[in-house]
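generate coordinates for the sequence data below:
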Amino acid sequence: MLFNSLIFLAFAAIFFALWPFANRWTNARLAYLVVASFIFYGWWDWRFLFLIIASGLLDFVSGLGMFRYPPWKRFFLVLSIFGNLGSLAAFKYSGFLAENFDALFAKAGFVTNLATNIPDFMLILPVGISFYTFQSMSYTLDIYRGELKPTKNILHFFAYLSMFPQLVAGPIVRAKDMLPQLLVTHRSTEEERFSGLRLVTQGFFKKVVIADNLAPAVNAAFSATELAPSTLYWWLVITAFAFQIYCDFSGYSDIACGLARWMGYDFAVNFNNPYIATSLKEFWTRWHISLSTWFRDYLYIPLGGNHSGTVRTYCNILVTMLVSGLWHGAAWTFIAWGGIHAFFTCVERMTDWPSFLKRVPLGRLLASIVILMQVWVAWVFFRAESFSQAIEIVKIMFSFSGHGGASLGWDAEFFLTIAVLTELCIYFKVFASFKSRFLFHHRLEPIFLSFLIAICVFFRGPGSEFIYFQF
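Residues are numbered from 1 along each chain as shown. Reported below is the predicted structural model:
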């Protein structure tokens, strides 16, 4: 069920109409959330409900086991991790692994045909499996660390795990943050409902107006039989994709946070204008914050973080970013995307070049431009149809060739201009005084939100799934 679909609008209308009645009693509220979330998720394919239920039951039992039988804590943790990663590997990586093993054995002169023998149902990627798997694992990991006590109420656990606003594309909510909220009978205030409306409206604007209007030009560029030989064209395409994926994903997060706010719950901010960062370290504190902090807390720090010597620190960064790339997709392009970020991050840490650059005139702006170039190059591999296509595009981007047209079409360029100007205004803090003086005073903001809603209705692009549904 897509947020940008009529069926979801009908679903949300029914859900929130009945929510005040279900919200009166704890178990009624939890049961209502679970049933509604299962309907939401099962709308794609009801068979995959069994997968999320099995994953949840495994972690629910493992959490109780660790609490009741402390000597067996490690066993239950291993059971949880292997169960979750096993299902993730089976559905998301089995085809990728089989194809690569087939190719490897073929070079050695053996015919294995592993890829052709994978059952068809394992080649269908369950929507949001990477998100709810990581969310469920954080529950058992926190219990193992002694940072969380397990819930004995299975409805309480599944209301946390399957809550529909963030179920399929995040943000990844931590159990220690969400479980206490679910036990409180909290009726949203007028201020919370209005702030929720603000988040939902800006989320839809980002998705249906910006991202969906940029998508056709980006898709056309990457699906062309021959790559356009123009440097400027490909920098424009990658800029368009950078804002497409940012507005698409942050738009989903905004809508999810807004829906939660209407229920009286708070999700942590998942995006904080990442393209104004002046270092890669800062970029990763602004982009997909719930995932980057997940990898920091459950992978990078347990590996030793930056407290185990210089070489070990760089190795930890490399492992974390490569795993992050693999999390996003079963393809060498995603692994390369993670590797590029790891390389640039290590160089930045080794030289501390952003600090030196910021000391010169316009240094902060120059640092931001360099970071954007690094991020843009990495986006090429993230979006490319194949590794070889990504290499060719990067070659063209740095060949400084002027052959071929450099236009994305007036409509894509118009909406790209809006996205870029918005980020520039944020970068130079143009909105700060404007918001405080005019926009959020008295009756002006409702008028502004009504204007945004009208734009979403009349200037929406071709409807499409959210990009991160594939992860």
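
flag every buried residue along the helix or strand that contains Ile455.
According to DSSP states H and E, Ile455 maps onto helix 444-458. Using 16 or more other C-beta atoms under 10 Å as the test for burial, helix 444-458 gives 445, 449, 456. C-beta coordinates here come from the backbone N, C-alpha and C atoms, glycine included.

which of the residues you listed scores worst on pLDDT?
Lowest pLDDT among these: Glu445, with 76.

I figured that residue hits Arg198, correct?
Yes - assessed by C-beta atoms under 8 Å, Glu445 is found in contact with Arg198 at 7.5 Å.

tell me how many other residues crowd the nearest residue to Glu413 once chain neighbours are set aside.
Residue nearest to Glu413 in three dimensions, not counting chain neighbours: Ser407, with 7.1 Å by C-beta to C-beta, 6 or more residues apart in numbering. For Ser407, the count of nearby residues is 13 (other C-beta atoms under 10 Å).

I figured Ser407 was touching Leu416, is that so?
No - using C-beta under 8 Å, Ser407 is not in contact with Leu416; the gap is 11.4 Å.

what number of residues are in the vicinity of Val380?
The number of residues packed near Val380 is 25, by other C-beta under 10 Å.

Val127 now?
23.

what about it, which SS state?
Using DSSP: H, G, I helix; E, B strand; the rest coil, the structure places Val127 in coil.

got the contact list for it?
Counting by C-beta atoms under 8 Å, 6 or more residues apart in numbering, Val127 makes contact with 41, 44-45, 48, 168, 469.

compare these and tell me which is most surrounded.
Val168 (26 neighbours).

excluding its backbone neighbours, what's nearest it?
Val168's closest residue in space is Gly128 (C-beta to C-beta, 6+ apart), at 3.2 Å.

wait, that neighbour touches Ala169, no?
Yes - if you go by C-beta under 8 Å, Gly128 and Ala169 touch, sitting 6.2 Å apart.

so if I had to pick from these two, which one is more boxed in?
The residue with more neighbours, out of Gly128 and Ala169, is Ala169; 26 against 22, by other C-beta under 10 Å.

list phi and psi for the more buried one.
Dihedral angles of Ala169 (phi, psi; degrees, to the nearest 10) stand at phi -150, psi 30.

roughly how far does it sit from Ile255?
Plainly put, Ala169 is 10 Å away from Ile255 if you go by C-beta to C-beta, to the nearest Å.

and Val377, by the same measure?
Computed with C-beta to C-beta, the distance linking Val377 and Ile255 is 30 Å.

which one of these two has more residues nearby?
Set Val377 next to Ile255 and count neighbours by other C-beta under 10 Å: Ile255 wins out with 27 against 19.

list the contacts of that one.
Ile255 neighbours (C-beta under 8 Å, 6+ apart): 3, 165, 199-200, 203-204, 207.

now render the buried residues of helix 444-458 as a markdown table, adding distance to Ile7.
Below are the buried residues of helix 444-458 laid out as a markdown table (distance: C-beta to C-beta, whole Å):
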| residue | distance to Ile7 |
| --- | --- |
| Glu445 | 29 |
| Leu449 | 24 |
| Cys456 | 17 |
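
what's the closest of those residues to Pro462?
Closest approach between these and Pro462, by C-beta to C-beta: Cys456, at 13.9 Å.

these two touch, right, the closest one and Gln202?
No - using C-beta under 8 Å, Cys456 makes no contact with Gln202, being 9.9 Å away.

Ala228: which element?
Assigned by DSSP H and E, Ala228 belongs to no helix or strand.

my read is that it contacts Ala220, right?
No - counting by C-beta under 8 Å, Ala228 stays clear of Ala220, with 10.1 Å between them.

more crowded one of these two?
Ala228 (18 against 13).

for Ile335, see how far away the more buried one is.
As for Ala228, its distance to Ile335 is 26 Å (criterion: C-beta to C-beta).

for stretch 367-379, what is the distance to the chain centroid?
The gap between the average C-alpha position of stretch 367-379 and the chain average comes to 19 Å, counting by C-alpha atoms, centre = their mean, to the nearest Å.
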